[in-house]
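**Q** from the sequence below, what's the structure:
(2 chains)
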Amino acid sequence: MTAPLLELAGLTVDIATEDGGSRTLLDGVDLTLAPGEALGLVGESGSGKSMTVRAITRLLPRTATAAGAVRFEGEDVLTMGAGRLRGYRDSGVGLVFQDPRAHINPTRKIGAFLIEALVGNRKVPKREALARAAKVLAEVGIDDPQRRLRQYPHEVSGGMLQRVMIASVLLAEPRLILADEPTTALDVTIQREVVGILDRLRRERGMGMVFITHDLDLALAVCGRVAVMYAGRIVELRSADTLHERAAHPYTLGLLGSRPSIDARVERLTAIPGRPVSAFESGPGCAFAPRCSFATAACETTPPTLTEFDGGLVRCLRVEEIHAARTEVKA
Amino acid sequence: MNAVDAQANAVEVRGLNKFFKAHHAVVDVDFDVPAGGSLGIVGESGSGKTTIARMLVGLERPTSGTIAVTGRDRSRPARGARERGRRARELQIVFQDPYTSLDPSQSARAAIEEVLRHHGRDLSLTQELVDQVGLTERQASARPRDLSGGQRQRVAIARALAASPKVLVLDEAVSALDVSIQAQVLNLLADIRAETGIAYLLISHDLAVVRQLCDTVLVLRRGRVVEQGQCERVLDAPAEDYTRALREAVPVPGWSVNA
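**A** Presented below is the predicted three-dimensional model:
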């Protein structure tokens, strides 16, 4: 087995509150990502998926503290010195956010934005940096890159700007891409193009990718493995091609049943009652228990662990019983 | 409902056009929403779907064409409070973001009562509406900032229903909600239509949501109608390339990212 590109071990993030207390946002996240692998993180509000990305890049809020380890190529990011951290953020990891307009300086031309890091950090001559930028714009499917380099962000569409952001990440040639809801603000036809570009480039360049989304089906299409998060913990982790058939955690099953289908109307969607909670709002037992139709008294008090089940990992005390009952109903 | 009402369409739009300066945002759009029916208008950014919703509510004035709701024309701005009140009782709208469309200082109950009072309806209906949208007592007394997105959207729906409209325009009303909450609100909307016979006009970019909630669908691109018809027909056997492309862009099991 090859050494992992990224490894999260017992990653826990607490945030200080104004009254001097603290709130847990991430609670013991374990994950590994092989070089070149694509892993999906799926969850709703408060699940901790975006906080996981922030912890991986050590871009946590000032009042937050992280425990556990985030190892990138074996080195712990959480304890790196300033120089190593700069190098890691410059060329180790690249970030693609949901809203490119909020992350690209609107007062500078796209060309200036793209070559900033090359010229400033790596002392690449400006002319060469611009040539590289044009080449990468072409790689992300932008026609007439020379003209685009001279345009301002407001002169191009959201889908185009998201490609510019992906191009800016590629220029740094990172080994890991973190894509946080990269297509959520885009139209579906543009979404398909953008995830297609991300997927192709990841394969061509052998980059690892962590793909964060609320859309389970999108994650399954883009990633090899998918982790479903709830209340700051991973509740199920499976290979994407078996998740639809083998989903075993009641929350994963609930997510699958909640989403309307484009192929058929159902009489009623099997909605999960209540609302998603954050880690600090959950009780001593399973965080999903208050919304779970299978929950027993034990679920309220005993925290389940992430254990192997049916080829994946599931965090549920009753997973075997639930699976048996569901198999019986199907048969 | 008497026989005449049953035959009248809830909404009839004919030859609708809207220009913003030189930009032709809505181009010769025709559609009907039958009484008690449910039409989904789908399209991407810039398709004109929100402009159509805004013209229906009276927030934009059509450049040409007619809009009739329950048989009454509303192509021109309302003259006087009476006419505005009547139009409000014909059609209400729920927006995508209940954070910006609800008064932050008003509890759910107060928001509903305000509308009931305005339309001269019995204030005792408040409790009925609170129950109908599934808000608890505590939530009904809370201000918007203390409610979750799904709960706020329930308040917005209850507030719209307080005018007892014949048509509810849902402008991306479930788009910003978490998946598990979206399912609750979609079920709620289906129940309300079954109970009250209200007609829906759902503006959405999400074909699966349209299929779940609507009988008919209209596909819009750059202000023009690409095709329209029953959801099953349009979504299962699209006649137009654009509809097919929209459909195929939706990730489903077995979907490949490289078209």
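**Q** tally of neighbours for B:Ile198?
**A** Residues contacting B:Ile198 under the criterion other Cβ atoms under 10 Å in any protein chain shown number 22. Every residue, glycine included, has its C-beta placed from N, CA and C.
**Q** ignore the last one, B:Ser164
**A** Using other Cβ under 10 Å, B:Ser164 is surrounded by 18 other residues.
**Q** give me the secondary structure label for it.
**A** What DSSP: H, G, I helix; E, B strand; the rest coil gives for B:Ser164 is coil.
**Q** which residue does the stretch 1-150 of chain B have closest to chain A?
**A** The minimum distance from the stretch 1-150 of chain B to chain A, using Cβ to the nearest Cβ, falls at B:Glu44 (3.8 Å).
**Q** list the contacts of that residue.
**A** B:Glu44 makes contact with A:187-190, B:205, B:221, B:246, according to Cβ atoms under 8 Å, 6 or more residues apart in numbering or on different chains.
**Q** what's the spacing between it and B:Gln96?
**A** In this view, B:Glu44 and B:Gln96 are 15 Å apart by Cβ to Cβ, to the nearest Å.
**Q** likewise A:Thr307?
**A** 40 Å.
**Q** which one's more surrounded, these two?
**A** Looking at A:Thr307 and B:Gln96 with other Cβ under 10 Å, you find the greater number of neighbours at B:Gln96, namely 20 against 12.
**Q** pLDDT score for the more buried one?
**A** For B:Gln96, the model assigns a pLDDT of 86.
**Q** likewise for A:Asp19?
**A** pLDDT, A:Asp19: 89.
**Q** could you pull out the helices for the stretch 201-331 of chain A?
**A** For the stretch 201-331 of chain A, applying DSSP state H, counting those that start in this stretch gives helices covering A:216-222, A:240-246, A:250-258, A:297-301, A:319-330.
**Q** contacts for the second one, please.
**A** With Cβ under 8 Å, 6+ apart as the test, helix A:240-246 has contacts from A:40, A:216, A:219-221, A:223-226, A:238, A:252, A:256, A:310-312, B:253.
**Q** report the rounded mean pLDDT for it.
**A** pLDDT averaged over helix A:240-246 gives 94.
**Q** how about the CA coordinates for that helix, as CSV?
**A** Taking C-alpha atoms only, helix A:240-246 is exported to CSV below (Å, rounded to 0.1, in the frame of the first residue of the first chain):
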residue,chain,number,x,y,z
ALA,A,240,-19.1,5.4,-4.5
ASP,A,241,-20.2,2.6,-6.8
THR,A,242,-21.7,0.5,-3.9
LEU,A,243,-23.2,3.3,-1.8
HIS,A,244,-26.7,3.3,-3.4
GLU,A,245,-27.0,-0.4,-2.9
ARG,A,246,-25.3,-0.9,0.4
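**Q** in that helix, what's buried?
**A** A:240, A:243-244, A:246 (16 or more other Cβ atoms under 10 Å in any protein chain shown).
**Q** could you find the closest non-adjacent residue to A:Val164?
**A** A:Ile110 (5.6 Å; Cβ to Cβ, 6 or more residues apart in numbering or on different chains).
**Q** I'd guessed that neighbour sits against A:Gln146; true?
**A** No. Contact between A:Ile110 and A:Gln146 fails when scored by Cβ atoms under 8 Å: they sit 11.0 Å apart.
**Q** let me see the contact set for the closest residue to B:Val27 other than its chain neighbours.
**A** Nearest non-adjacent residue to B:Val27, counting by Cβ to Cβ, 6+ apart: B:Gly223, 4.2 Å away. For B:Gly223, the contacting residues are B:18, B:24-27, B:29, B:47-48, B:51, by Cβ under 8 Å, 6+ apart.
**Q** show me where the chain has strands.
**A** Let's take chain A. A:6-16, A:22-33, A:38-42, A:64-72, A:75-76, A:93-96, A:176-180, A:208-213, A:225-230, A:233-239, A:307-309, A:312-314 (DSSP state E).
**Q** not quite, go with chain B.
**A** So, for chain B - with DSSP E - the strands run B:9-20, B:23-34, B:38-42, B:64-69, B:72-73, B:91-94, B:167-171, B:199-204, B:216-221, B:224-230.
**Q** residues near A:Asn121, how many?
**A** 13.
**Q** that one contacts A:Gly87, correct?
**A** No. Look at A:Asn121 against A:Gly87 with Cβ under 8 Å: they stay out of range, at 9.4 Å.
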